[in-house]
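S.K.: coords please:
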Amino acid sequence: MFGSRKRRDAGRATAGVDLQLVWEYANDEVVEAVEEQIGAGPEASPVMAVYDVAREALRAGDLGATRLVFTGDFVRSVIERESRVGQGFTLQRGSGIVAAKTMPPTADGVVDILVPLYLVLTGEAGDQRFSLDVVRHTAAHEAVHATIHHLGSKPFAVHLRHRLAYAEEQFAQMAAEQVEEHLAEYQADLVVPRAHSTPGDLEAVTEAWLHTIGAELPGLDQSDPGYVDQSMRVCLGALHVLWKALACFAAELRRGDVFDAPAAEIVASPGWQRDVAPWWDEYLRLLGQVPMTYDVDIPRTDAVVKSMGVHLQTWAYGLGFDFHDTEQGGRFRITLWD
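M.R.: Modelled structure (predicted):
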């Protein structure tokens, strides 16, 4: 539907002053149909409903350096902006799919929040898996990531400020992403509260990582010299998706610096008992040490993120993945089936 590339300012805002609204990879027919709704306000226009939420969630000083980009080819829009050479991008994430993505600042300091255009289209052209409230909440969540980019201090990236061993650094990076996801979800809930996760949602999350392990690992060639590295990426990638989902779930439970208990049905589920319960209390204790504010005490937070990385390493070992540092470098071994 969106074969040719079209990037154009939608005319909502003035560059450098307010949040910009941009179309990308959208044909003229679709753009004109959506633009007809804009003047009617957020109640009649899903695009403007999402725009207004993103605008509300951003700090006033960051509006002029942020763009909300609705794209007809989400994967292509992400790949074109990615700086990681040789790494592809897919929509699948664990038991769900990516509904939006915030990109790092350009050389000019502009941050793009990418949203698939079909999420704000109606009828057959839209994606009925996502309600407008979910898309609005997602926009608020991504606006938090944009704000963190605009801080310029990389407040959770402890590995950029401290020298860490190889395995230690990998876990610290995963911990940093989880802390940021936790903050983003907490702040987004203040703008657009989302429905709380159900026992089925959490069971799907815990089963998804095991499915990834069971589906992808057997397909790797054990005679390949790169087998260990490939298997490590699969295993740690699956765990990282699990942990990020749990970081967001923890934000649902957070009330200031304390956390509500998960629903009894969630706690009783096999997946929770197997994959989460033994490590959950310490996980919450560490997340609770990070204030839910953009005014980050970096030395204090660095210590928390490093401790979180150690906890994730322990968690991974408990789930059957031994990744630790030796004098010869990082050593990875799958013990799940031992």
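S.K.: Show me the helices in the stretch 101-250 of the chain, by range?
M.R.: Applying DSSP state H, counting those that start in this stretch to the stretch 101-250 of the chain gives helices spanning 132-151, 166-191, 199-216, 227-253.
S.K.: could you redo the ones you listed as TSV and give each row mean pLDDT, distance to Arg333 and mean neighbour count?
M.R.: To be clear about C-beta, it is placed using only N, CA and C from the backbone, and glycine gets the same treatment. Listed next are those as TSV, based on pLDDT from 0 to 100; distance: least, CB to CB, whole Å; neighbours: other CB atoms under 10 Å:
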stretch	mean pLDDT	distance to Arg333	mean neighbour count
helix 132-151	94	34	22
helix 166-191	96	12	21
helix 199-216	88	14	18
helix 227-253	92	9	20
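S.K.: Would you format the ones you listed as JSON lines with distance to Val47 included?
M.R.: Listed next are the helices of the stretch 101-250 of the chain as JSON lines, based on distance: least, CB to CB, whole Å:
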{"stretch": "helix 132-151", "distance to Val47": "10"}
{"stretch": "helix 166-191", "distance to Val47": "17"}
{"stretch": "helix 199-216", "distance to Val47": "28"}
{"stretch": "helix 227-253", "distance to Val47": "25"}
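S.K.: and of those, who's closest to Val111?
M.R.: helix 132-151 (4.5 Å; CB to CB).
S.K.: Quick check: the closest residue to Arg194 other than its chain neighbours vs Val290, distance?
M.R.: In this structure, Arg194 finds its nearest non-sequential neighbour in His137, 4.6 Å apart by CB to CB, 6 or more residues apart in numbering. As judged by CB to CB, to the nearest Å, His137 and Val290 stand 21 Å apart.
S.K.: same check, this time on Ala261
M.R.: As judged by CB to CB, Ala261 and Val290 stand 20 Å apart.
S.K.: More neighbours: which of those two?
M.R.: Counted by other CB atoms under 10 Å, Ala261 and Val290 do not tie: Val290 has more neighbours, with 22 against 9.
S.K.: and the more buried one, which of the three is it?
M.R.: Here Val290 is recorded as coil under DSSP: H, G, I helix; E, B strand; the rest coil.
S.K.: Would you list the phi and psi of it?
M.R.: Per-residue torsions, Val290: phi -100, psi 110 (degrees, to the nearest 10).
S.K.: ok, now which ones touch it?
M.R.: The contact partners of Val290, by CB atoms under 8 Å, 6 or more residues apart in numbering, come to Val179, His182, Leu183, Thr301, Val304.
S.K.: nearest to Arg67, of those residues?
M.R.: Nearest to Arg67 among the contacts of Val290, with distances taken as CB to CB, is Leu183, at 21.9 Å.
S.K.: My read is that the closest one contacts Val296, right?
M.R.: No - in terms of CB atoms under 8 Å, Leu183 does not count as a neighbour of Val296; the distance is 9.0 Å.
S.K.: Leaving out chain neighbours, which residue sits closest to the spatially most central residue of the chain?
M.R.: By CA atoms, centre = their mean, the chain has its centre lying nearest to Glu181, at 5.9 Å. Leaving aside its sequence neighbours, Glu181 sits nearest to Ala247 (CB to CB, 6+ apart; 4.6 Å).
S.K.: Test my guess that that neighbour contacts Tyr186.
M.R.: No - at 9.8 Å, Ala247 does not count as touching Tyr186 under the criterion of CB under 8 Å.
S.K.: Ala165: how many residues sit nearby?
M.R.: Ala165, neighbours per other CB under 10 Å, totals 14.
S.K.: got the contact list for it?
M.R.: When contacts are counted by CB under 8 Å, 6+ apart, Ala165 touches Asp325, Gly330.
S.K.: List the contacts of the residue of the chain positioned farthest from its centre.
M.R.: Farthest-out residue of the chain from its mean C-alpha position, per CA atoms, centre = their mean: Ser223, at 34.1 Å. Counting by CB under 8 Å, 6+ apart, Ser223 touches no other residue.
S.K.: where does it land on pLDDT?
M.R.: pLDDT, Ser223: 89.
S.K.: lowest average confidence, helix or strand, in the chain?
M.R.: strand 7-9 (a mean of 42; mean pLDDT, DSSP states H and E).
S.K.: So the residue nearest to Glu181 versus Asp18, what's the distance?
M.R.: Ala247 is 31 Å from Asp18, by CB to CB.
S.K.: And the residue nearest to Gln187 when sequence neighbours are not counted, how far from Ala184?
M.R.: Setting aside the residues directly before and after it, Gln187 is nearest to Val144 in space (CB to CB, 6+ apart), at 4.7 Å. Per CB to CB, Val144 is found 4 Å from Ala184.
S.K.: now do Arg81
M.R.: Separation of Arg81 from Ala184 (CB to CB): 19 Å.
S.K.: so how many other residues sit close to Val53?
M.R.: Residues contacting Val53 under the criterion other CB under 10 Å number 25.
S.K.: got the buried residues for whatever helix or strand it lives in?
M.R.: According to DSSP states H and E, Val53 maps onto helix 46-57. Buried residues in helix 46-57, counting neighbours by 16 or more other CB atoms under 10 Å, are found at Pro46, Val47, Met48, Ala49, Val50, Tyr51, Asp52, Val53, Ala54, Arg55, Ala57.
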